[in-house]
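[1] Generate a structure from the sequence data that follows.
(one chain, ligands or ions: 1)
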Amino acid sequence: MNFNFTEEQQLIQQNAREFALEHLEPIAAEIDKTERIPKEIYQKMAELDFMGICYPAEYGGAGADFLSYTLVLEQICRSCASTGISLEVHASLACAAIYNFGSEELKQKYLVPLCKGEKLGAFALTEPGAGTDAGAAQTTAVLDGDEYVLNGTKCFISNGGVADVYVIFGLTDPTAGTKGISAFVVEAGLPGFEIGKHEDKMGIRGSQTAELIFKNCRIPKANLIGKEGKGFGIAMATLDVGRIGVATQALGIAQAALDEAVKFAKERVQFGKPIATKQAIQWMLADMATQLEAARLLVYSASMAREEGKPISKEAAMAKLFASEASDYICNKAIQIHGGYGFIKDFKVERLYRDSKITTIYEGTNEVQRMVISGAVLR
Ligand code: COS
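    Numbering: from 1, shown residues only. Okay, here's the model as predicted:
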């Protein structure tokens with residue numbers, strides 16, 4: 001399908017591709033190995049206006065549309081999924097929560113530096129006992145004068161320890177279930193806010209994933225996002241946006257896996273000919289390309305729905321479900337085509353396979369996506 005990208009969208013996509021090829025592709029294996037994204041990468045993304053690309057210029061953004069953001073994220077993830085998820089969590093979750101639900105004061109104070117790339121954002125909902133059951137969160141936020149006092153532990157937080165600004169969720173009324181959850185902005189480095197365990201992960205190893213520990217951490221009352229008790233809805237609506245981002249990440253990874261598989265199949269000679277001449281390989285490539293194209297259609301159409309302000313819960317869930325499972329499939333087949341070479345770290349597909357897996361899990365497992373989709377279908 002031809003999406004008839006505007007000239008601006010084409011230019012943005014091309015800029016992102018050039019950035020990824022020049023700055024990410026050569027060091028992506030190193031980022032994976034050293035578990036660190038160099039600071040210069042964030043600086044470069046800020047210079048290119050990627051950090052706040054789909055937010056208005058008045059808040060430090062580039063004022064581009066949501067599909068442009070998707071095109072940028074796809075190209076970044078095609079070269080380095082670790083950098084991609086760091087940008088995704090910053091832009092789709094932290095910035096989105098503040099932009100869509102925060103007061104003007106919060107926007108000026110936090111969204112502007114986030115969009116300019118002067119600060120990095122994170123989003124902390126998950127707790128040891130509250131993963132899929134996000135409403136079971138135990139972190140408390142008790143109002144004391146002009147401040148909320150936070151106590152509790154968040155886990156598996158992407159950009160944890162490297163972010164400057166965290167959107168976090170805590171109970172302002174522990175007796176009210178999901179209606180007792182509120183959302184807040186918390187700055188890194190506040191007394192009582194510590195970074196706990198850093199996770200040693202299977203994939204996206206360059207992106208930091210850490211535990212956040214709050215022990216009588218006091219934040220200004222003005223850092224409440226929206227109203228007390230509205231945090232669960234804010235989290236869910238923000239995750240709808242984030243799920244398009246994870247779907248985009250899967251799309252970028254899957255495109256990279258297909259690229260690698262095609263290249264290898266043309267170069268690798270067995271029985272006197274490139275293996276691309278074998279029907280067994282051709283059929284795998286055909287299935288991979290078809291899955292990829294279908295995923296792309298879902299991801300781009302969910303992005304356009306987001307831009308048009310249409311409901312996106314079902315669309316985002318479908319895009320994430322399909323794209324992440326397609327990516328798993330495509331990466332698996334890419335390794336199969338590489339044979340033994342695919343199993344060693346010298347080849348990019350080994351990393352892609354590890355990076356892909358998390359896309360079926362985070363920002364709502366694919367089982368949650370099926371709950372959301374079936375809920376919409378049965379409504
Ligand atoms: N947008 C806005 N509000 C939403 C919403 C959405 N997409 N989805 C649900 N809500 C609201 C509901 O309207 C409901 O509000 P009311 O009580 O006023 O009617 C409230 O949230 C509770 O909804 P629901 O009863 O469906 O919540 P559940 O506790 O049953 O949870 C699931 C539903 C499992 C779908 C939800 O907890 C979820 O998405 N879990 C996964 C969490 C996740 O993605 N974690 C990853 C964290 S970031 S890595």
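[2] mind listing the strands for the stretch 51-200 of the chain?
    Using DSSP state E, counting those that start in this stretch, the strands found in the stretch 51-200 of the chain span residues 121-124, 140-144, 147-158, 165-171, 181-187, 193-198.
[3] Now do the longest one and strand 165-171, the angle between them.
    It stands for strand 147-158. Angle, strand 147-158 to strand 165-171, by axes from the mean of the first three to the mean of the last three CA atoms, to 10 degrees: 110 degrees.
[4] Restricting the selection to alpha carbons, write strand 147-158 to CSV.
    What follows is strand 147-158 as a C-alpha-only set of coordinates in CSV (Å, rounded to 0.1, in the frame of the first residue of the first chain):
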residue,chain,number,x,y,z
GLU,A,147,4.0,18.0,49.3
TYR,A,148,3.2,14.4,48.5
VAL,A,149,5.3,11.8,50.3
LEU,A,150,6.1,8.8,48.2
ASN,A,151,6.9,5.3,49.5
GLY,A,152,7.3,2.1,47.5
THR,A,153,9.2,0.3,44.8
LYS,A,154,8.9,0.3,41.0
CYS,A,155,10.6,-2.3,38.9
PHE,A,156,11.6,-3.0,35.3
ILE,A,157,11.7,0.7,34.6
SER,A,158,13.2,1.5,31.2
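[5] Sheet partners, orientation included, of that strand?
    strand 140-144 (antiparallel), strand 209-220 (antiparallel) (DSSP bridges).
[6] Need those in JSON lines (columns: mean neighbour count).
    All C-beta spots, glycine's among them, are computed from the backbone N, C-alpha and C. Compiled in JSON lines, the strands paired with strand 147-158 are given as follows (neighbours: other CB atoms under 10 Å):
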{"stretch": "strand 140-144", "mean neighbour count": "17"}
{"stretch": "strand 209-220", "mean neighbour count": "19"}
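[7] returning to what we had before: which one of the strands of the stretch 51-200 of the chain is the most hemmed in?
    Highest mean neighbour count among the strands of the stretch 51-200 of the chain (mean count of other CB atoms under 10 Å): strand 121-124, with a mean of 29.
[8] helices or strands next to that strand in the packing?
    Under the contact definition 3 or more CB pairs under 8 Å, 6 or more residues apart in numbering; DSSP states H and E, strand 121-124 sits against strand 147-158, strand 165-171.
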